[in-house]
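In: give the three-dimensional model of this entry:
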Amino acid sequence: MICYKNLLIATHKESFIGYVVLSESGIIKSVNKGKCNIKDALDYSGHILMPNFIDSHTHGGYDFSFNDLKEKNIQDKLNKYLAEIKKEGVGHVFATTVTASYSDIKKIASYFTEKYPKEFLAWYLEGPYISKEKNGAHDENLIKNLSTKEVQFFSEVSKFIPVYLALASEYSQNKKMLNQYHDQINFALGHSNDNNFDSKYLKDNKYKRVIHFLNAMSGFHQRNKSLVNSVLEDTNRNYLIEIISDLTHVRSQTINFLYQSFDDSNIALVSDSLPNKGSKNGIYKLNNLEVEKKDYLFYLRDSSTLAGSGMPYNLILKNFYKATKCSFSELVKFSSYNVAKSLKSKTLGRIKINTKANFVLIDKDFNVKLHYFDGEKAKLD
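Out: Numbers count the residues shown, from 1 in each chain. Model prediction:
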């Protein structure tokens, strides 16, 4: 048996000082409140135990891109990426691709219809079915509306892995697809310049999530029905709202405003990290576009347009925590539980007895000190 004691154990329901006992094979045998009298228990005073994190909007990192899944011989790059994100506390991701040609999309799909890593929970296509006016770091030459043929294709892929599609709401063809196929595909709202948005699409849960709220969408206006207006004015939100809490995509005071405005079941903290997260500053390719890395941020080359983040996920959480003074139980919801619940998972986002350990231990500065993934201790050095 392995015991970790004197922890602040945070679940989506409560936080308490206690200890956790694992079998040698990494199965959680007990989660306990109070003092531990087990001999040889490992003392982690001042540390927080949480379910390992789910980054549900990330394009990759450490020189790996999910758009690379169309290529052969990527296993070494993928293995490096999966090892590196464990150091951030991330156990699972939505494999998020940027806008690509339909031929490349089909190649990427073929990867998901075969065996893929257990770290991948979903395939998230942030393009090409978005708005050219709010394209961000997406090649506008490849942007288009969604067709019935494509929906049927993605429906087949979803038999192997959940599929999420970003869908701009201002186009009649996209609205038609949304109305007809929202029960087959998980649609995400964003990268849209819609200033006459029909809020019934949110109220009827036809959109399952909102993409990096406040970024790349029609902004607040006192006379328009923009996306920002529609989300803020909604009083019955039953969808996830992504927030990039890197303090640039959304500043600290606004992060706190959103925290105060939304129910704790609605928030999903995401990194929107780009493939060259972890690389030195410089110019890099993002599919067909060039981006410039400046510390923890990426910009379109020779532009002030934000392209994505380069911030590790544990620091994304640290920023949110400092900006909001939220509880660690709430942070569990924002970093794993809400996404796991949206996927109907009964084990992820939880500290559950008789399941393989999927948790992290972080210190007060959010440094990851221990990470169990699928019952095995991840290598952090």
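In: need the residues that contact the strand or helix carrying residue 292.
Out: In the assignment (DSSP states H and E), residue 292 maps to strand 289-294. Applying Cβ atoms under 8 Å, 6 or more residues apart in numbering, the contact partners of strand 289-294 are 137-139, 274, 276, 279-285, 298-302, 307-308, 310. In short, each C-beta sits where N, CA and C put it, glycine included.
In: now with 7 Å, please.
Out: If you take Cβ atoms under 7 Å, 6 or more residues apart in numbering as the criterion, strand 289-294 is touched by 137, 139, 274, 276, 279, 281-284, 298-301, 307, 310.
In: derive a PyMOL selection command for the buried subset of those.
Out: The buried residues among these can be selected in PyMOL (16 or more other Cβ atoms under 10 Å) with this line:
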select buried, resi 137+139+274+276+284+298+299+300+307+310
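In: now the nearest residue to residue 252 once chain neighbours are set aside: phi and psi?
Out: Once flanking residues are discounted, residue 252 sits nearest to residue 323: 4.3 Å by Cβ to Cβ, 6 or more residues apart in numbering. Residue 323 has phi and psi values of phi -70, psi -30 when expressed as degrees, to the nearest 10.
In: wait, residue 323 sits on residue 257?
Out: No - assessed by Cβ atoms under 7 Å, residue 323 is found out of contact with residue 257, at 9.6 Å.
In: which of those two has more neighbours?
Out: Just comparing residue 323 and residue 257: by other Cβ atoms under 10 Å the higher neighbour count belongs to residue 323, 20 against 15.
In: quick check: the more buried one vs residue 196, distance?
Out: The spacing between residue 323 and residue 196, counted by Cβ to Cβ, to the nearest Å, is 32 Å.
In: just the contacts of strand 289-294 now: which is nearest residue 127?
Out: Residue 127 lies nearest to residue 139 out of those, by Cβ to Cβ, at 8.0 Å.
In: quick one, strands of the stretch 251-381 of the chain?
Out: 267-269, 282-286, 289-294, 297-300, 306-309, 359-362, 368-373, 376-377 (DSSP state E, counting those that start in this stretch).
In: of all these, which lies closest to residue 330?
Out: Closest among the strands of the stretch 251-381 of the chain, using Cβ to Cβ: strand 267-269, at 8.4 Å.
In: farthest pair in the contacts of strand 289-294?
Out: Largest separation among the contacts of strand 289-294 by Cβ to Cβ: 139 and 281, giving 23.2 Å.
In: domains for the chain, by residue range?
Out: The record assigns the chain these domain ranges, following automatic domain parsing: 2-50+350-377, 53-342.
In: distance between the ends of the shortest one?
Out: For domain 2-50+350-377, the separation between the terminal residues is 12 Å (Cα to Cα, to the nearest Å).
In: pLDDT value on residue 287, please?
Out: With respect to pLDDT, residue 287 scores 87.
In: my read: it touches residue 67, true?
Out: Yes - Residue 287 lies in contact with residue 67 (Cβ under 7 Å); the separation is 5.3 Å.
In: more neighbours, those two?
Out: Ranked by neighbour count (other Cβ under 10 Å), residue 287 and residue 67 place residue 67 first, with 24 against 21.
In: could you pull up phi and psi at that one?
Out: phi -70, psi -20.
In: cool, residue 14 as well?
Out: Torsion angles, degrees, to the nearest 10, at residue 14: phi -160, psi 170.
In: contacts only, for it.
Out: For residue 14, the contact set (Cβ under 7 Å, 6+ apart) comprises residue 329.
In: let's see the distance spanning stretch 88-105 from one end to the other.
Out: End to end - Cα to Cα - stretch 88-105 spans 29 Å.
In: what is the mean pLDDT for it?
Out: The predicted model gives stretch 88-105 an average pLDDT of 98.
In: list the buried residues of that stretch.
Out: 88-100, 104-105.
In: just stretch 143-157 next, same as before
Out: 143, 144, 145, 146, 150, 151, 153, 154, 157.
In: now the last one, nearest residue through space, not along the chain?
Out: Leaving aside its chain neighbours, residue 157 sits nearest to residue 109 (4.9 Å; criterion: Cβ to Cβ, 6+ apart).
In: ok, which of the strands of the stretch 251-381 of the chain comes nearest residue 214?
Out: In terms of Cβ to Cβ, the element of the strands of the stretch 251-381 of the chain nearest to residue 214 is strand 306-309, at 11.3 Å.
In: contact partners of the closest one?
Out: 59, 136-137, 244, 246, 249, 271-274, 286, 291, 296-300.
In: can you rerun that using 6 Å?
Out: Residues outside strand 306-309 that contact it (Cβ atoms under 6 Å, 6 or more residues apart in numbering) are 137, 244, 246, 271, 272, 273, 274, 291, 298, 299, 300.
In: for the last one, what are its contacts?
Out: Shown here is residue 300, whose contacts under the criterion Cβ under 6 Å, 6+ apart are 137, 291, 307.
In: which residues of the stretch 201-350 of the chain fall in helices?
Out: 227-233, 252-261, 313-324, 328-332, 338-342 (DSSP state H, counting those that start in this stretch).
In: out of those helices, which is closest to residue 33?
Out: Among the helices of the stretch 201-350 of the chain, helix 328-332 sits nearest to residue 33 (Cβ to Cβ), with 14.2 Å.
In: am I right that the residue nearest to residue 157 sits in a helix?
Out: Yes - assignment of residue 109 by DSSP: H, G, I helix; E, B strand; the rest coil places it within a helix.
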